[in-house]
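# Predicted model follows, preceded by the sequence.
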Amino acid sequence: MSEKMSFTFQDIIWCNLKRKPLRSFCLIFLVAALAFVLFGSSLITRSLIKGTDGLAKRLGADLLIVPRGYAQTAEGILLRGSPSAFYMEPEWLEKISGVEGVTAVSPHLFIASLNSDCCSVPIQLIGFDQDTDFIVAPWIKTSVPGILKDNEIVVGGAVAGRVGDTLQFFGRGYSIAAKMEYTGSGFDASVFMNMDAARIAARDCASKMGADAPPEKSISSIMALIDDSSTPIGVAGRINSAFGYVKSGIAVVPAQNIISSVSVSLRMLTGSFGALSAVLWIASFSILALLFSAMLNERRQEFGILRSVGISRKKLIAMVLWESGLISCIGSVVGIFLSALLLMPFRIYIREIFNMPYMMPGFGQLCAIACISVLLSVAAALLASLLSSVKIGNADAYRVIREGGL
Amino acid sequence: MKHRIISGAGAVVAGLLLSLGPQFLFKLCEPMADGRWMNCHWTGQAEIGVGLLIVLLGGASIFFSDNKVRLGLSIAIFLSGILALLFPTVLIGGCGMETMPCRSTAFPALTVISVLTIAVFAANTVYLYRARNS
Amino acid sequence: MILEASGIKKEYIRAGNSFWALNDVSLSVDEGEFICIVGRSGSGKTTLLNILAGLLTPTSGSVYFEGREYSGLSDCELSGMRSTRLGYIMQGQTVLPNFTVLQNTLIPHVLADRGDAAEAAMSLLEQVGLAHLAGQYPSSLSGGELRRVSIARALLSSPVLLIADEPTGDLDEETAGEIMRIFTSVSKKGTAVLMVTHDMNSAAFGTRSYRMASGQLL
């Protein structure tokens, strides 16, 4: 390579890093590891918080009424979209709406699909009543369709296919009339159809599986809204006392209970990730401080020579800080790139591991998390090198030279 | 020499993971009840091809010492990496549901390996291009 | 008068006992002079040079360089002086391993933010016979070549005073002779040279010589 003629202060810094590749690599690796964990843990935490927030908004109901013994299953549908089916009598709709404090009720019918054409895994089909619905319509992303025909469906954000595409269930084709927003909850992996279509699908399902068809007009769950003067627990109590806690054969689950059970796990996870990040920051800072101290001591001869040819204390400290700043910038960008590269494609797998609503933050928040992670990593490296560089910079030039072995 | 072996071996490993990973390590979806394969299967087949191509190119770059030949091989690996990324994301795609194995594990793994291959061999290409005259 | 040192004393404490490394040393240097100081190891030569270069503060006494007293100068001013007006060649191998020969030569210039001096550096390297090695790293150079790089580096800013500590200490006779010829030609062009050595042959090149013993200039 031809000799570069112009030579600047930045070149001095760059040469120092480039000509000591192992030293630079070790420092970059350490800062990258720190940035990797800082970015990764805050991204996971934010995604869990956003998923849980999404779920709270998504539920949109105050009470969930299901057949006794199916409360857990219903939670599975809401949180994770785990396909399942259960039935209760349609009369409950009227009975519940008559309870004091209940302002609106809307039934759902759950059907677990068999392997459909699109997928080899079962998918949750949900029948909803468009006349009374207050759950599905608010979350339809594209324009709200009029009355859904029997061969039309609304799909969750995670279901593949665009409006106008056809999906096959139990040998019947359904055209996608609308798509819902992505929420991070179980509804993302669900398919919604009108009640009549859902009952036909339920019969199709039963005949394919060789099981008995569900009772005529049956429903699976009831979502209820209550007025401002009542509490979910209070209304649940009223329902239980009106129809008998055991005798009724139904379970009333306040939606808040589902969310709060998630919130408890969320708080624990957020706490653990926060603690992990803090411990790692302190550990990295200590290791970096030790490393810089050892490295700068080793470079005393070099600093002594630079002092003898006229580098001032201030400039010597600036040089060392620029070096560590540059290294930590490269390291944190590498760490964040690798962390994002791993966490973003594997977001579905991560959701499965945590078994909680999980939703990636938007681009703006993602950038903010990245910036904070870069700042924290660079700060760790700069603070760590500042201690040693000030010590060397402030030492008498002659002592630096002498101790450098000259 | 060291650089040649490290970059070549890296390409061989990446190529092997791309071609054999979906078959053995991070499995794609099973065929449907009627025995028909879903989309992700064909992505897997395409990855076998492009993965083995990367293995061969990487192997060749270990044996050729001429800088210009290695520059050409590096560009070829870089472009094959892009192809390996495009199969699952754009060109063929996978199954409909996000929760299916291909979408939750196999495709993310393929994405990570191909993006790393692209990044490393973009850097390698720049390095070899700048070093070609020395 | 370029440099004037008077009544320089330097006290060190070693193993609890204090001793005077320099004891009342006075010295003045004029333009174009080539002054040699000879003396045995431990006689205080290097301590004196470090004080004269502004790297070490004396216990008492004063040093004036171009009319300014060191004790009144800040670290920045002293450093600026070393990178522009005063060339200092320290004892031993002082070429930085991370930089090429040309870059090493340019370092004081870069530190003083004085713009592009690559051409001047190349012509200096030519003078010391190293132009063909400008792009090489120090690891491929011999001891004599490395010393000549230090000399080129010290001369780049056209200093008025060149201070050299044992510049021929570890070199063979022929190479030492070459270095002395460079110093002689530099001093003839007007730069004062102050050299410390224990090699009497080298000392013979000086226009004025001193002997140093027990911290005193004789």
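Received the coordinates, thanks.
# and C:T105, how many neighbours does it have?
30 (other CB atoms under 10 Å in any protein chain shown). Heads up, the C-betas are built off the backbone N, CA and C, glycines and all.
# Please tell me how far the nearest residue to it once chain neighbours are set aside sits from chain B.
Once flanking residues are discounted, C:T105 sits nearest to C:A121: 4.4 Å by CB to CB, 6 or more residues apart in numbering or on different chains. Per CB to the nearest CB, to the nearest Å, C:A121 is found 22 Å from chain B.
# For C:A121, report the pLDDT, please.
pLDDT, C:A121: 88.
# Next up, the contacts around it.
Residues in contact with C:A121 (CB atoms under 8 Å, 6 or more residues apart in numbering or on different chains) are C:102, C:105-106, C:109, C:152, C:156.
# of those, the lowest pLDDT goes to which?
Where pLDDT dips furthest among the contacts of C:A121: C:H109, at 84.
# Return the strand or helix carrying that one as PDB; C-alpha atoms alone will do.
Using DSSP states H and E, C:H109 sits within helix C:101-111. Coordinates of the C-alpha atoms in helix C:101-111 are reproduced here as PDB (Å, rounded to 0.1, in the frame of the first residue of the first chain):
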ATOM      1  CA  VAL C 101       9.000   5.700   9.900                       C
ATOM      2  CA  LEU C 102       7.300   8.700   8.200                       C
ATOM      3  CA  GLN C 103       4.500   8.800  10.800                       C
ATOM      4  CA  ASN C 104       7.000   8.700  13.700                       C
ATOM      5  CA  THR C 105       8.800  11.600  12.200                       C
ATOM      6  CA  LEU C 106       5.600  13.600  11.900                       C
ATOM      7  CA  ILE C 107       4.200  13.000  15.400                       C
ATOM      8  CA  PRO C 108       5.500  16.200  17.100                       C
ATOM      9  CA  HIS C 109       4.200  18.200  14.200                       C
ATOM     10  CA  VAL C 110       0.700  16.600  14.500                       C
ATOM     11  CA  LEU C 111       0.700  17.100  18.300                       C
END
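# Mind checking what helix or strand follows that helix in sequence?
helix C:118-127.
# Sort out which residues of that next one are buried, please.
By 16 or more other CB atoms under 10 Å in any protein chain shown, the buried positions in helix C:118-127 come out as C:118, C:120-122, C:124-125, C:127.
# now it and helix C:101-111, what's the angle there?
Helix C:118-127 runs at 130 degrees relative to helix C:101-111, counting by axes from the mean of the first three to the mean of the last three CA atoms, to 10 degrees.
# Following element in sequence after helix C:118-127, please.
Trace forward from helix C:118-127 with DSSP H and E and the next one is helix C:143-155.
# For that following helix, C-alpha coordinates in PDB please.
The C-alpha trace of helix C:143-155 is given here as PDB (Å, rounded to 0.1, in the frame of the first residue of the first chain):
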ATOM      1  CA  GLY C 143      19.400   0.100  15.800                       C
ATOM      2  CA  GLY C 144      21.200   2.800  13.800                       C
ATOM      3  CA  GLU C 145      18.300   3.300  11.600                       C
ATOM      4  CA  LEU C 146      15.900   3.700  14.500                       C
ATOM      5  CA  ARG C 147      18.300   6.300  16.100                       C
ATOM      6  CA  ARG C 148      18.300   8.200  12.800                       C
ATOM      7  CA  VAL C 149      14.400   8.200  12.900                       C
ATOM      8  CA  SER C 150      14.500   9.800  16.400                       C
ATOM      9  CA  ILE C 151      16.900  12.400  15.000                       C
ATOM     10  CA  ALA C 152      14.700  13.200  12.000                       C
ATOM     11  CA  ARG C 153      11.700  13.400  14.400                       C
ATOM     12  CA  ALA C 154      13.500  15.800  16.700                       C
ATOM     13  CA  LEU C 155      14.600  18.000  13.800                       C
END
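# angle of the helix or strand just after that helix against helix C:143-155?
Once helix C:143-155 ends, the next helix or strand along the chain (criterion: DSSP H and E) is strand C:161-165. Per the same axes, to 10 degrees, the angle that strand C:161-165 makes with helix C:143-155 is 150 degrees.
# Tell me if strand C:161-165 is near chain A.
No. Contact of strand C:161-165 with chain A (CB under 8 Å from any CB of the partner chain) is absent, the minimum separation being 9.2 Å.
# so what strands line up beside that strand?
strand C:86-89 (parallel), strand C:192-197 (parallel) (DSSP bridges).
# What average pLDDT does it get?
91.
# In the buried residues of helix C:118-127, find the pair that's most separated.
Using CB to CB, those reach their maximum pairwise distance at C:A118 and C:Q127, which is 15.1 Å.
# what residue is smack in the middle of chain C?
C:I163 (2.4 Å; CA atoms, centre = their mean).
# so who does that residue touch?
C:I163 neighbours (CB under 8 Å, 6+ apart): C:49, C:52-53, C:86-89, C:194-195.
# do C:T191 as well
C:32, C:87, C:155, C:158-162 are the contacts of C:T191 under CB under 8 Å, 6+ apart.
# Out of those, which end up buried?
Using 16+ other CB under 10 Å, the buried members of the contacts of C:T191 are C:32, C:87, C:155, C:159-162.
# Below-threshold pLDDT in chain A: ranges please.
Applying pLDDT under 70 to chain A flags residues A:1-5, A:58, A:114-122, A:141-145, A:184, A:211, A:395-406.
# Please go through it and pick out the longest strand.
strand A:102-112 (DSSP state E).
# Distance from the chain centre to it, please.
Distance, stretch centre to chain centre, for strand A:102-112: 28 Å (CA atoms, centre = their mean, to the nearest Å).
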